[in-house]
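Trainee: Show me the folded form of this:
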Amino acid sequence: MKKLSYLLILSSFSSMAQLAQLPDCSSLEVRLSKEPVACRGQIPEDIIFDIPEQKLNIEDLEKLFQGAESSGGRLVSPMAQPRIQEDLTPFPFSLQCNASLISDGGKKVSFLSKRAFTLNQSQYNSYLTPDTWKHFLIEGNQFDSSVLTPLDISPAVTLPYFKVSMTYNEEAQHFGYEVCESRSTLTGQALSCALGESPISAEETPSVLFNKKVQEGNTSVSFTLKVKCHRY
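Mentor: Next up is the predicted model:
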């Protein structure tokens, strides 16, 4: 009888430990899952999770998709999976693109940020996120400044997210270039855009310029982005 009681106690502790490891039924992980998930606690009545009504922000979703442990003990991250998209053109091409961003606070010097990226028939979208730039200090606010001072810090302002996209007009035999400010890489929602185009036979594309002015505290900052591509 004592042995049976001991086994029942062990079984009870084991069940409690397993229950403690389950996610809460009201958590994002459970409520946003496409498949039923074992959970602890009361299942909310509004189990049909309406994202706009719940006012979820992007940070919540990014945390959720950073990686959840599966039953096999490995990390799965759906946001990290490459998205399969059709080729933009029936022929191959490769473009080397250079982006330059001037952050001008109306001083004698400005920040010049640079980065390079490639576009081709399969990868014809590119995000320019705040953490991907190399920063320099320049006199004035011109892209052709001859004196570049490399910096290990970024401007003390919020740099925008940008998305560079290509389109192809088969009838006109033209490439289109769209440079947009985007809220984030997750939503891809464009705020405003600048457009350019080039014949597909051109070795070098015209520059596409995007301008934006913001007020941060007592400081007014003008952002000017220039994107230019060439075949390689």
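Trainee: Okay, strands next: where are they in the chain?
Mentor: Remark: strands of the chain, listed N- to C-terminal, are 68-69, 75-76, 94-104, 109-120, 125-128, 134-139, 149-151, 161-169, 174-182, 190-199, 208-216, 219-231; assignment by DSSP state E.
Trainee: Tell me which of those lies nearest to L88.
Mentor: strand 161-169 (5.2 Å; Cβ to Cβ). Any C-beta I mention is one placed from the backbone N, CA and C, and that applies to glycine too.
Trainee: quick one: buried residues of that closest one?
Mentor: 161-166, 168 (16 or more other Cβ atoms under 10 Å).
Trainee: cool, stretch 94-112 as well?
Mentor: For stretch 94-112, the neighbour count (16+ other Cβ under 10 Å) marks 95, 97, 99-105, 110-112 as buried.
Trainee: Select, from these, the two members most distant in space.
Mentor: Going by Cβ to Cβ, the pair spanning the buried residues of stretch 94-112 furthest: L95 and G105, at 32.3 Å.
Trainee: Now do the contacts for V164.
Mentor: Counting by Cβ atoms under 8 Å, 6 or more residues apart in numbering, V164 makes contact with 97, 99, 117, 119, 125-128, 177-179, 227.
Trainee: Recalculate using a threshold of 10 Å.
Mentor: Contact partners of V164, counting by Cβ atoms under 10 Å, 6 or more residues apart in numbering, are 97, 99, 117, 119, 124-128, 177-180, 208, 210, 225, 227, 229.
Trainee: Over to T132?
Mentor: T132 neighbours (Cβ under 10 Å, 6+ apart): 99, 113, 115-117, 126, 159.
Trainee: Include distance to P23 and mean pLDDT when you put the strands of the chain into CSV, please.
Mentor: Listed next are the strands of the chain as CSV, based on distance: least, Cβ to Cβ, whole Å; pLDDT from 0 to 100:
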stretch, distance to P23, mean pLDDT
strand 68-69, 9, 35
strand 75-76, 15, 38
strand 94-104, 41, 96
strand 109-120, 38, 95
strand 125-128, 31, 94
strand 134-139, 41, 92
strand 149-151, 43, 90
strand 161-169, 31, 95
strand 174-182, 31, 92
strand 190-199, 35, 88
strand 208-216, 39, 89
strand 219-231, 41, 93
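Trainee: could you redo those strands as a markdown table and give each row distance to V37?
Mentor: Below are these laid out as a markdown table (distance: least, Cβ to Cβ, whole Å):
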| stretch | distance to V37 |
| --- | --- |
| strand 68-69 | 10 |
| strand 75-76 | 13 |
| strand 94-104 | 42 |
| strand 109-120 | 38 |
| strand 125-128 | 31 |
| strand 134-139 | 43 |
| strand 149-151 | 47 |
| strand 161-169 | 32 |
| strand 174-182 | 31 |
| strand 190-199 | 34 |
| strand 208-216 | 42 |
| strand 219-231 | 43 |
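Trainee: L22: which of those strands is closest?
Mentor: strand 68-69 (12.4 Å).
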